[in-house]
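**Student:** Sharing a model prediction with you, sequence too.
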Amino acid sequence: MTQADTLVTQIEELSTKLDQARSMIRQIFIGQDRVVDLVLTTLLCGGHGILVGLPGLGKTRLVEALSTVMGLHGNRVQFTPDLMPADILGSEVLETAADGSRSFRFIQGPVFCQLLMADEINRASPRTQSALLQAMQEKSVTVAGQNRPLGTPFHVLATQNPIEQEGTYPLPEAQLDRFLLEIQVPYPDRATERNILLATTGTEEAVLSAVFDPGQLLAAQTLIRRMPVGDAVMELILDLVRAFRPDDSSAPAVVAENMRWGPGPRAAQALMLAVRAQALLRGAFSPSAADVADLASAVLNHRMALGFGARARGVTQLELIADVTEAVVQQKAVA
């Protein structure tokens, strides 16, 4: 069997396993198939995700189900205004032994896990939010001058309430950039909400079991990076990311007029990985231009900002991303 044949076989096996995981999660998180796919994409890429939506839409329930199905040791932190960095990272305590000697012992915080749920992350102060920066980027933390590795794999799935709500702090740009995807969680439609009522208010609920384990997830993350990406798709990713930088010569006039700043190279890296995972979830062996267009808003929305004038004129960032993405994809197809 050639190396290419082996890769195809591995992709097919992983795709089958992912279908099982998706089906199981959808028994708990009903009717929001795109949200489930985007969260799985985040884990397959080895990244972190931020779920944005109003309270009560099942974001916490989704992360708990994901932890069970993917076989990951998970912890949950409820972010509040009085939460301190040590409440997340851990701290050293002074202990006295039986012989009277004293020494410091490090007590691990909830960040020492494989899947950390940061619930309502934007309700904590910026100081506490920034405690996750090193953990998300380097998958280790420095406490009392000592570097301490986290779980393997390590993922953060944060939930965020809309910034318009009371008692929220905007996340710093540097931290937002470390989230692979921003996942919008909308209200369910009427049929979905009816199914939710039937599934959650009876005497029995769906029982979840592990489909993956940490080793299998790490192997899947490695396999994702081996998936081929055509030159046309790669060039489209570069064109799209650069099109949203207002000072770039390739940026369309609507971007130059409305954007204050655009996405950096980490956006292109995220899109390059995410389109591979998206292709795998739909049973393909390599990503297409449609995958790039489909994931553009999830990758770009939290990595750019509208100017003050654009916001005053009522320009919305998601609509701008959709319009420019469509124009870039069409231009690339014609070329």
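**Tutor:** Great, that's in hand.

**Student:** I figured residue 36 was touching residue 28, is that so?
**Tutor:** No - counting by Cβ atoms under 8 Å, residue 36 stays clear of residue 28, with 9.6 Å between them. Yep, even glycine has a C-beta here, placed from its N, CA and C like the rest.

**Student:** which residues are common contacts for those two?
**Tutor:** Counting by Cβ atoms under 8 Å, 6 or more residues apart in numbering, the residues touching both residue 36 and residue 28 are residue 62.

**Student:** how near is residue 67 to residue 112?
**Tutor:** Relative to residue 112, residue 67 is positioned 15 Å away (Cβ to Cβ, to the nearest Å).

**Student:** who has more neighbours, these two?
**Tutor:** Just comparing residue 67 and residue 112: by other Cβ atoms under 10 Å the higher neighbour count belongs to residue 67, 23 against 20.

**Student:** I'd say that one and residue 74 touch.
**Tutor:** Yes - at 3.6 Å, residue 67 counts as touching residue 74 under the criterion of Cβ under 8 Å.

**Student:** list the residues that contact both of these two?
**Tutor:** 115, 117.

**Student:** For stretch 249-268, the averaged confidence score.
**Tutor:** Stretch 249-268 comes out with an average pLDDT of 91.

**Student:** Could you work out the end-to-end span of it for me?
**Tutor:** Taking Cα to Cα, to the nearest Å, the first and last residues of stretch 249-268 lie 18 Å apart.

**Student:** What lies in contact with it?
**Tutor:** By Cβ under 8 Å, 6+ apart, stretch 249-268 touches 177-178, 237-239, 241-248, 299-300, 303-310, 315, 320, 323-324, 327.

**Student:** again with stretch 190-197
**Tutor:** By Cβ under 8 Å, 6+ apart, stretch 190-197 touches 30, 31, 32, 58, 188.

**Student:** got the CA positions of that stretch in CSV?
**Tutor:** The C-alpha trace of stretch 190-197 is given here as CSV (Å, rounded to 0.1, in the frame of the first residue of the first chain):
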residue,chain,number,x,y,z
ARG,A,190,-39.5,26.6,16.2
ALA,A,191,-39.2,23.0,15.1
THR,A,192,-35.8,22.7,16.9
GLU,A,193,-37.2,24.3,20.0
ARG,A,194,-40.1,21.8,20.0
ASN,A,195,-37.6,18.9,19.8
ILE,A,196,-35.6,20.4,22.6
LEU,A,197,-38.7,20.6,24.8
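
**Student:** Show the buried residues in the contacts of stretch 249-268.
**Tutor:** Among the contacts of stretch 249-268, those buried by neighbour count (16 or more other Cβ atoms under 10 Å) are 177-178, 237, 239, 241-246, 299-300, 303-304, 306, 310, 315, 320, 324.

**Student:** Which of those fall within helices?
**Tutor:** Those of the buried ones among the contacts of stretch 249-268 mapping onto helices are 237, 239, 241, 242, 243, 299, 300, 310, 320, 324, per DSSP state H.

**Student:** hang on, isn't residue 113 packed against residue 74?
**Tutor:** Yes - here residue 113 reaches residue 74: they are 5.9 Å apart, a contact under Cβ under 8 Å.

**Student:** how near is the closest residue to residue 174 other than its chain neighbours to residue 298?
**Tutor:** Nearest non-adjacent residue to residue 174, counting by Cβ to Cβ, 6 or more residues apart in numbering: residue 133, 6.7 Å away. Distance of residue 133 to residue 298, computed by Cβ to Cβ: 21 Å.

**Student:** Which residue of the two possesses the greater neighbour count?
**Tutor:** Taking other Cβ under 10 Å, residue 133 and residue 298 do not tie; residue 298 has more neighbours (25 against 14).
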